[in-house]
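K.L.:
Quick one, what's the 3D model for this:
(one chain, ligands or ions: 1)
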Amino acid sequence: MKNRPLILALDFDTREKALQFVQIFEEPLFVKVGMELFYQEGPSIIEELQRSGHQIFLDLKLHDIPNTVKQTMKGLAKLGVDLITIHAAGGRDMMEAAIEGLEAGAQSGNKRPDVVAVTQLTSTSSEMLKNELLIEKPLLETVLHYAENAKKSGMSGVVCSVHEVSEIRKTCGPSFLTVTPGIRLAKDRAQDQVRIATPKFAKEQGASAIVVGRTITKAEDPVAAYNEVKKEWEGKVE
Ligand SMILES: O=C(O)c1cc(=O)[nH]c(=O)n1[C@@H]1O[C@H](COP(=O)(O)O)[C@@H](O)[C@H]1O
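P.N.:
Residues are numbered from 1 along each chain as shown. Model (predicted):
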């Protein structure tokens, strides 16, 4: 993944809604197809978006035993997507199996996507980690540990919040990708997200990519909202 993209999360429940939405933009986009859209429409939605020139982040957050993840990745490699997710919580054997599967699938001429591991979801708070999930270590420490595991397992990077980017960079180096959802403009509500940040702060922290959904998809004027996010992300506002 190159050029610090603004990734637009197409969290829609039908192909018609997703395709109609991308049509209002004049430029090819980097779009995220997640569970909501993929589980309804399957691989054909990926092909349709690719035909219109859009780059694809396939966000299925795989988390299963190593063999199942390997075989699933082998199949998904055929889709020729650019970026794909798994959960770092699945462990190193699972992450290594994911790479093996992607490489096996890519042997038939498909490009191998970058794979990034989700550390702690941006909807997770420190309190939830401790009181509900019974993880005693501080949230940042778990994120850094998962990032190190991901790096050792051959991942291209991680999904994390903007607030962890600079520490991950120190530990895992500048070429390790940090893909950051939980992005909100200053005027927006957090909704179900907890560890949120503005596109401007994401840029200042040096995130590799931002993932933005409802701030754009639910805006009264989605193109204006997209342009506002893009301007901040590209450092064109004070
Ligand atoms: O993997 C992701 O993309 C992801 C990881 C995470 O920790 N938090 C997170 O919000 N996401 C995704 O990023 C998008 C955020 O959407 P909005 O909250 O509407 O901007 C959703 O599609 C989530 O599935």
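
K.L.:
Point out where this protein drops to low pLDDT.
P.N.:
Low-confidence regions of the chain, defined by pLDDT under 70, span residues 108, 238.

K.L.:
For the ligand, what's the nearest residue on it?
P.N.:
Residue nearest to the ligand within the chain (C-beta to the nearest ligand atom): Gly213, separated by 2.6 Å. C-betas here are computed from N, CA, C, even on glycine.

K.L.:
quick one: buried residues of stretch 223-238?
P.N.:
Residues of stretch 223-238 classed as buried: Ala225, Tyr226, Glu228, Val229, Lys230, Glu232, Trp233 (neighbour count, 16 or more other C-beta atoms under 10 Å).

K.L.:
can you tell me how far Val237 sits from Thr198?
P.N.:
Counting by C-beta to C-beta, to the nearest Å, the gap between Val237 and Thr198 amounts to 10 Å.

K.L.:
returning to that earlier point: just give the number of residues close to the residue of the chain closest to the ligand.
P.N.:
The burial count assigned to Gly213 is 19, neighbours taken as other C-beta atoms under 10 Å.

K.L.:
Equivalent analysis for Glu204, please.
P.N.:
Other residues within reach of Glu204, judged by other C-beta under 10 Å, total 14.

K.L.:
Look up which helix or strand it falls in, please.
P.N.:
Secondary-structure assignment from DSSP states H and E places Glu204 in helix 199-205.

K.L.:
which residues sit against that helix?
P.N.:
6, 162-163, 165-166, 180, 183, 185, 197, 210, 212, 229-230, 232-235, 237 (C-beta atoms under 8 Å, 6 or more residues apart in numbering).

K.L.:
buried set for that helix?
P.N.:
So, applying 16+ other C-beta under 10 Å, buried residues of helix 199-205: Pro199, Lys200, Phe201, Ala202, Lys203, Gln205.

K.L.:
and the biggest strand by length in the chain, what does it pack onto?
P.N.:
As far as residue count goes, and with DSSP state E defining each element, the longest strand of the chain is strand 55-62. Packed against strand 55-62, as judged by 3 or more C-beta pairs under 8 Å, 6 or more residues apart in numbering; DSSP states H and E, are the following elements: strand 30-34, helix 35-41, helix 44-51, helix 66-76, strand 83-87.

K.L.:
Could you rerun that using 6 Å?
P.N.:
Other elements packing on strand 55-62 under the criterion 3 or more C-beta pairs under 6 Å, 6 or more residues apart in numbering; DSSP states H and E are strand 30-34, strand 83-87.

K.L.:
would JSON lines of those strands with mean neighbour count be doable?
P.N.:
Listed next are these as JSON lines, based on neighbours: other C-beta atoms under 10 Å:
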{"stretch": "strand 30-34", "mean neighbour count": "22"}
{"stretch": "strand 83-87", "mean neighbour count": "24"}
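
K.L.:
Reformat those as TSV; add distance to the ligand.
P.N.:
Listed next are the helices and strands packed on strand 55-62 as TSV, based on distance: least, C-beta to the nearest ligand atom, whole Å:
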stretch	distance to the ligand
strand 30-34	5
strand 83-87	5
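
K.L.:
Among those, which comes closest to Lys61?
P.N.:
With distances scored as C-beta to C-beta, the stretch of the helices and strands packed on strand 55-62 nearest to Lys61 is strand 83-87 (5.0 Å).

K.L.:
Strand 55-62 and the closest one, what's the angle between them?
P.N.:
What separates the directions of strand 83-87 and strand 55-62 is an angle of 20 degrees, with axes from the mean of the first three to the mean of the last three C-alpha atoms, to 10 degrees.
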